[in-house]
Every structure is written in structure tokens, then in C-alpha cells.
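K.L.:
Any chance you can model this:
(chains A and B)
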Amino acid sequence: MATNSPNDTDDSTTVPPRPMRDRLHRFAGSARDVLLYSSAYLAFIAVAEVLIVTELLSLPLTPAPAIAGLLTFAVYGNDRVADVETDEQTTPARTAFIRRYDRRLYTLSALAYGLAVALSVLGGPAAFALALVPGAIWVVYALDWLPFSGHVNRLKQIFILNSVLVAGAWALVVVLLPIAFAGAPVTLTAGVVCLTFFLATFVDVEIPNVRDRASDREAGVKTLPVVLGVRGTRYALYGVTSLAAAVLVTAASDGLLTRPETVLLLLCVGYLTVIVTCLGRVDDSGKLTVAAECSRLPMLALLVPPAV
Amino acid sequence: MKLALVGSVAVGVTAGLLAWRERPEPGAMPLVLLMAGQCWWSATLLFQIQATTAAGRAFFIDISWIGIALIPVAWLVFALEYSGYNEYTTQRHVLLAAVIPAITVFLALTDQYHQLLYVDTPMRLPGPWFWVIAAYTYLLGVLGIVPLLELVTSQVRTFRGQSLALLIGLVAPWVTNLLFLSGQLPTAGIDPTPVAFTLSGVAYLSALTRFKLFGASPTPIRHARRSLYKQMHQGALVLDTHGTIVDMNDRAAAALRTSPEEALGNKLKTVSPTLNAPGETASNRVFTPPGTRESYDVSESPVTDIHDRTIGRIITLHDISDLFRMQQRLEVLHRVFRHNIRTNIQIIIGHAGYLATHNCQRKADTLKQNAIEIEEIGEKVRKIIDVFEKGRKERENVRLHGILRECVDATARRYPEVDIEYEPAPEDILVDSLFDIVCSNVIENAAQHNTSSEPWVRVSVDPGEETVAVHVEDNGPGIEPHELALVEDGAETPLKHGSGFGLALTAWGTDIAGGSVAFESDESGTRVTLEMPVAGWG
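P.N.:
Numbering: from 1, shown residues only, chains lettered A, B, ... in the order given. This next block holds a predicted model:
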């Protein structure tokens, strides 16, 4: 007597094959990996943030968002390739992806940076100089023989300074690039927006440090989670978001920001505060990191009016 | 033009960063600087075009020289490093090459005070220094092309592709600049050279990616050839058509008992008359430097140019001293073996014939004695062959004291009538294991051939830092002078009648193991001194 194996099923109950759906699923998975592991999603965030700044400062649309996106992709792409050894313990999946595509990723980063610098030339010397800053840091990090390169490398290990530098560079490029392209003056409102972006980016940079605290402690790198612990970090970052909120309220009371702009920016700061609250309480620190980096994106949706 | 300039910056920055990753490959860093110079020139030209005032335009023209002046030096250093001429890319050479560009940048930034670079400030017409830096740029450009041209005809396809791409990268802006300087381009006084950098950048990118510019580099070729020449085991001399030594490696100098400094530039017939006079060298002959025991196999090959004309010759000296000596030894061994065997056999045949018809104990004893001698000859030859075989192989080191103790004890057991004295050697001296056979042979011979009524053999050791001397003395009848000829001549001469193998074994074994042997012999006895290199202590 023939017997059916447990896997054998009646035709009437068989789920019909869905190759298109599977293919789309696989494609979406691959696209997600590429965006996430190559840090290309940060380039889109940079584009969005420059568009927000353009709207907030009432500047004309220029190639600045594209340049910021290209610069971000180039800098983070190169950074991922350069740090592939040290990232192995904390982000093994990303490290495996970078190892597999390191040459292609470096070439794409170089191409992106080349395009960014070339486009920045159209914005005049100030935009050109801003675009050269990440490249200069790229070069200086690698030059061990320069008398000051040792100090530059050690900056990464100094408490808070690393996050301050990253947040400062990001905020300056995001705010000043569209201004330089438009040939507009640097106003107080621009300063407020820059400071807000700086504080928000500082929080973004410190959030993944919670995940990396064991390896950072081992490597002698002092970060907020290493020095203050997770709870201390939460309180410190509450302080930073509170400061950002205070800056926004003060700017609004001085008439530097409109009420809708202030409300939207405060919403973003509030969203970031919620993410800080989750630190040490939510296990998936990777998702927390991406969520924090996307904290300014809701503003884009509200600022850009839908096409009629 | 704007689009082309933007393109040239994009391609230049990308190529520069790709080259940056290839550090410290030779040529990578100069290529980065070359790209940086090109990008700077393109960017400042774009700013010139965008400038709305004459002063602004003049400012960007002046600072553009920072990039323009960098290009020729970076190009030359790149070409030299890439093609393996690193001896010309030392810090001193680079600084020297950068003097005129540095002066140019200084003059550009201070041009309003002297107008050496541009004579008419509003029109920016070329001044005297402009032509100096232009000529200098073209000179360095040509100098950089020269080593690359060698690679255009390389057998390796990749190198041909690389060098062609690099040449296109140089020639494109060069031609554009020449056309501009000669007034052939209607660009309203704006130098469009940076526009051509787009093409240069694409060419450099092709060299980097398609032709793996730093992945497959010809840099080591020149150095490898030189190293090969300097380090090869054969001596090599390069002669021109007049027989003058134009190059030689250290091995050749050592073989000719001279130094390259003394020999180079002199005729070979002066430096070494025995080796060669032009046109007289027969290929594959053996050269023995006067006063030495060395032998070299000489071969000669002509050096031709691309038109197949002979422009010189290379003489190589292959050291065959060991091989040659071994061949001579085998010939001697063969000859003596045949001679001695034939002698013994003739005696045996003669005595056997007599014994067939007579019963004679004396003849029978003689016959037996000759048969024993044949057996002994066979044993000695086997030992000599053993020495030759060990001489070819990696040998171990053994304690000298252990060797001597064993040899002395074995000889004392075999020849109890001989009084053997041994003054023990220090226990920690190590010597080549070949000396085991040599010492055994010397001590045994001293006892075996000692016909004194009160025979004795004395073995003593005289240790030193690098060598150790073993003395074996006996009161036997001494060694015949013709027997000693073998070792005293130091050469493998044909042995005379009656020569035995004992001395040959001692002399050849000691020589193969890197030592020396000396004999002092008269009617009252013999003193053999074996000088051995100390192989270690332990």
C-alpha cells in the first residue's frame, strides 16, 4: 500500500505559486540591504534635509540637495569601507555586505564625490569649498605621516568631540550649501536652523553608541554610553533635545521662525525625544538608529505642498 | 564650456580618489596630485567665467596657478615612478623640479607688483615668466613621455593599454594648450586647456579601471632586471664593440680578481688577458684565473640593437670549479683503480700459472696477499665514493671528540701491537661529519703502515676559535715523496705507479669538507695535520 509522506498535500489545498510576488519580495529585500548597509539611505535623508532648509529659509531650488546627497553617500561609503575591520563585531551583517562589495562601493563613493565637487563648482567658491571639506577630512584621516594626522585620528576617541564634529559638519553642509548656491546671506534664522540640526544630529550620532558601548570601551573610545551608562545617556540626550526645543521657542518668540515652522520643528524634536526614551528599553538598536536619523523627514512631507 | 569643465572636475576627482586608494603603489600619489592640479585649474577657470568683475576674474586667474604649476611636476614624478625610474623621484629631485613652479605661484599671487607673469593687468597678456613656465611645463611633459614610450611597445598588453591611455591623457590638454597659445582657438582670451582635462580624466580612469593601472604595474621590471644582473650566480661582463668593459656584476669582478670601479672603462684584454681578447673568445671554453684553482665555463652572446646590429657582447662566467675538480678526481680515481687492479691481477695470473704445475707456499701467500689488496682497493674506492656522495648532500655536524675517540678505539682494537695515545679534544667542538671518514683513514693508515719495532701513534688536538687542528703522528717509515705529490701540488695530477688511495681519500675528503691537510714526513715518521673549520659548539 502506498503511503503519503507528511509533506504531501491535496491539490485542492496547495497554495498556488506566486513567482512575481516572491521576486518582488526578494528584490525589496536586496534593495533594503543595499540602502541600509551601504548607508545610501543617509544620502536620501541628506537630500530631504537640504530641501527642508531650502523651504525654511525661503531659498530657490538649486543643485544643493543633490550635492548634499552625493557627498553623504561618498563620505559614508568611504567610511564603511575604511572601518570594515573595526565594525565586524558590532554590525556583522553590514560588514559582510561591505566586504563583498568593497571595491564597487569605494568606486561609487569616489564617483559620487567627483560629481558632488563638480556640481558644487557651479555654486561658486563657497559651495566648492564646502564640498571640499569632507574630501579634505577623507584625506587627512588616511595620512598617518602628516604631523597633525595623529591628533586628527585621536579626535575620534575624545569624549563628545567626535559626535560634535560629525554633527557640526553635517549641520554646516546641510544649511550652508543651499545658502551658498543661492548666494543668499547667512541670517539669524539660518543660524537657528543650523543649531537645531546640529543638536538633533548630535543625538542621532550618540544613539548607535549605546549599541557599540562594549566595543568602544574595549577600544578606549569615550562616548556618552561608555562614560555615563545607558540611563545617564538618556538623561544627557533629554537635555540636548530640551535645549533644541528651547532654541526653537526662543527663535519663534523673536520672530525668526513662523508658528507652523516652529510647531513642525518641535514635533521633530519631540519624536527624537521619544526615541531617546526607548534607549536601553528596545532591543533593536539598529531600528532605533534609523528611526532617529529619519526624525526630520516628517517635516518634508508637511512643508512640500502636494501637487495639484 | 561650463559643462565640459564640470565634467573634467567630476572625472578628475573620481580618478584622483581611485588613485588615492592604491597608495603606496608607485605613481599613485603623484597621480592624485596631478588630478588635484587639473581639477583646481578647471574649477578656477569656471569661477573666472562666472566672475562679474575684472578684479574677480584676475583673482581666479592668479590662484589658478596653484593647480597649473602642480601639474608638470606631478606628471613627471608619476611617469618616472610608474615606469620604475624611482632613482629620479627622491625628495631632492622632486624639490628641484618644483622650484620653478613654486616661483611661478609666488609670482602669480604677487603679479600686480611686478607684472612678470602678465604684463597688462586688465588684458592679462603673457609676461616673460609666463613663457618660462610654459616652456618648463612642456619640457617636463616630454621628459615624462620618454619612459612611457618604452612601455607602449611592451610585450604585455595591459602595459601597452596603460601607457597609451596615459599618453592620451597628457596629449589632449597639451594639443589644446598649443592651439590656444598659437591663437587658433576663438575662446576670447580664456585658456580652454582644462576643458581637455575631461578627456584626460576619462583616459586616466580607463587606465585605472580597464587596464588596472596599479593592479598590474611595470614598476619592478627595470629594477628586477638590474637585480637579476647584480645577484645572478654567474659572473657577467658587458663589452662594447671595442672590447671595453662597460658593465660587470660583482661575481665577474671577483672571478677576474678586480673591482667594477677598477675594471669599468678598461679593455678586457688589459683587465684579464687570459680570459679574452676581442674576437678570440671561443664559446663554452674553460677559464682558470691565474694562480687559482677556480674554473669557469665561459659563454659569450652578442648584444644587438633594434636594427639587429651588434653593439656589444655579454660574457658570462659560470663557476664550475667544484664540478671540474670532481671530474679530475674521478679521472684520477679511475686511472689508479685500473692501474692497481691490473698490477695485482697480473701478479695473480703469473703466480696461478706457476702454482698449476708447482706446489709453492710462498707463491700461494703472494697470490693471497694480492687478492687481499684487491679487496682493500675496493673498500677504499667505496669510501672515496662515499665521500663524494656526502660532499653533494647536506651534511650534519658531529662532535670531534666523539669521532676521534671512536677512531682511536677501533684502531687500537685492530692493531693491538701499536701503542696509540690520544690527548682528548674539548668535548663541545662540532665539525663536519665528513671528517669522520678522514680521521678514521688517517689514524688507521698511521697504525697499519707502521713497521717500527715499537710502533706508536699519537693523536692530539689544537683547538681555535674558527678552526681546529688535529695532529696524527707516527714513527713509521714515512710517506714516499711521489705519493705526497698528490696533496702537495694541490691539484688532481695523475698518480704515479704505486700510489695508494689513502692519501687521496684524506686530501679530497678534507678539501670537500672545507678544511686543509699538511704532511711532514721523513724516515723517522710522519705528522699529518688536519685543519678543520669549527662548525659550532655544543
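
K.L.:
for the residue lying closest to residue B:305 once chain neighbours are set aside, helix, strand, or coil?
P.N.:
The shortest distance from residue B:305 to any non-neighbouring residue, by Cβ to Cβ, 6 or more residues apart in numbering or on different chains, is to residue B:311 (5.1 Å). C-betas here are computed from N, CA, C, even on glycine. Using DSSP: H, G, I helix; E, B strand; the rest coil, the structure places residue B:311 in strand.

K.L.:
Hmm, residue B:238 and residue B:311 touching each other?
P.N.:
No: with contact defined as Cβ atoms under 8 Å, residue B:311 does not count as touching residue B:238 (10.2 Å).

K.L.:
ok, the two, which is more surrounded?
P.N.:
It is residue B:238, of residue B:311 and residue B:238, that has more neighbours when counted by other Cβ atoms under 10 Å in any protein chain shown, with 18 against 11.

K.L.:
could you list every residue that touches the more buried one?
P.N.:
Residues near residue B:238 by Cβ atoms under 8 Å, 6 or more residues apart in numbering or on different chains: B:245-248, B:303, B:312-314.

K.L.:
Regarding residue A:185, what is its secondary structure?
P.N.:
coil.

K.L.:
list the contacts for it?
P.N.:
Shown in contact with residue A:185 (Cβ under 8 Å, 6+ apart): residue A:179.

K.L.:
and it, how far is that from residue A:179?
P.N.:
8 Å (Cβ to Cβ, to the nearest Å).

K.L.:
same check, this time on residue A:268
P.N.:
Distance from residue A:268 to residue A:179, by Cβ to Cβ: 21 Å.

K.L.:
what do you get for residue B:8?
P.N.:
Counting by Cβ to Cβ, the gap from residue B:8 to residue A:179 is 26 Å.

K.L.:
So which of those two has more stuff around it?
P.N.:
residue B:8 (30 against 24).

K.L.:
Surely that one and residue B:38 touch.
P.N.:
Yes: between residue B:8 and residue B:38 there is a contact at 6.8 Å, judged by Cβ under 8 Å.

K.L.:
Spatially, what comes nearest to residue B:35 if we skip its sequence neighbours?
P.N.:
Closest to residue B:35 by Cβ to Cβ, 6+ apart is residue B:16, at 3.3 Å.

K.L.:
What's the local residue count around the one you found?
P.N.:
26.

K.L.:
where does it fall, helix, sheet strand or coil?
P.N.:
helix.

K.L.:
isn't it right up against residue B:32?
P.N.:
Yes: when contacts are counted by Cβ under 8 Å, residue B:16 is listed as touching residue B:32 (4.9 Å).

K.L.:
Domain map for the chain?
P.N.:
Defaulting to chain A. A:35-183, A:187-302 (automatic domain parsing).

K.L.:
my question was about chain B
P.N.:
Using automatic domain parsing, chain B is parsed into the domains B:2-219, B:232-319, B:324-537.

K.L.:
The ones you listed into TSV, with extra columns for mean pLDDT?
P.N.:
As requested, the domains of chain B are arranged in TSV below (pLDDT from 0 to 100):
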stretch	mean pLDDT
domain B:2-219	81
domain B:232-319	79
domain B:324-537	84
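
K.L.:
tell me the most buried of those domains?
P.N.:
domain B:2-219 (a mean of 19; mean count of other Cβ atoms under 10 Å in any protein chain shown).

K.L.:
Now do that domain: distance to the chain's middle.
P.N.:
In terms of Cα atoms, centre = their mean, to the nearest Å, the centre of domain B:2-219 is set 40 Å apart from its chain centre.

K.L.:
same question, stretch A:283-302
P.N.:
9 Å.

K.L.:
Pull out the buried residues from that stretch.
P.N.:
The neighbour-count check on stretch A:283-302 (16 or more other Cβ atoms under 10 Å in any protein chain shown) flags A:285, A:288-296, A:299-300 as buried.

K.L.:
any idea which of these is closest to chain B?
P.N.:
Set against chain B, the nearest of those by Cβ to the nearest Cβ is residue A:293 (25.1 Å).

K.L.:
I'd say that closest one and residue A:204 touch.
P.N.:
Yes: the pair residue A:293 and residue A:204 passes the contact test of Cβ under 8 Å, sitting 5.3 Å apart.

K.L.:
what's the closest non-adjacent residue to residue B:364?
P.N.:
Nearest one to residue B:364, counting by Cβ to Cβ, 6+ apart, is residue B:355 at 6.3 Å.

K.L.:
Could you do residue A:199 as well?
P.N.:
residue A:244 (4.1 Å).

K.L.:
in the sheet, who's paired with residue B:298?
P.N.:
residue B:285, residue B:317 (DSSP bridges).

K.L.:
Would you agree it is in contact with residue B:287?
P.N.:
Yes: counting by Cβ under 8 Å, residue B:298 touches residue B:287, with 4.9 Å between them.

K.L.:
what touches both of those two?
P.N.:
Residues touching both residue B:298 and residue B:287 (Cβ under 8 Å, 6+ apart): B:275, B:317.

K.L.:
residue boundaries of the strands in the stretch 151-300 of chain A?
P.N.:
Assigned by DSSP state E, counting those that start in this stretch, the strands in the stretch 151-300 of chain A number zero.

K.L.:
Quick check, pLDDT for the residue nearest to residue B:21 when sequence neighbours are not counted.
P.N.:
Spatial nearest neighbour of residue B:21, excluding adjacent residues (Cβ to Cβ, 6+ apart): residue A:106 at 6.0 Å. Here, the pLDDT recorded for residue A:106 equals 82.

K.L.:
What residues are bridge-paired with residue B:460?
P.N.:
What pairs with residue B:460, by the bridge criterion (DSSP bridges), is residue B:471.

K.L.:
Pull up the overlap in contacts between residue B:8 and residue B:38.
P.N.:
B:194, B:197, B:200-201.

K.L.:
Turn those residues into JSON lines, including distance to chain A and secondary structure.
P.N.:
Formatted as JSON lines, the shared contacts of residue B:8 and residue B:38 follow (distance: Cβ to the nearest Cβ, whole Å; DSSP: H, G, I helix; E, B strand; the rest coil):
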{"residue": "B:194", "distance to chain A": "11", "secondary structure": "helix"}
{"residue": "B:197", "distance to chain A": "11", "secondary structure": "helix"}
{"residue": "B:200", "distance to chain A": "14", "secondary structure": "helix"}
{"residue": "B:201", "distance to chain A": "9", "secondary structure": "helix"}
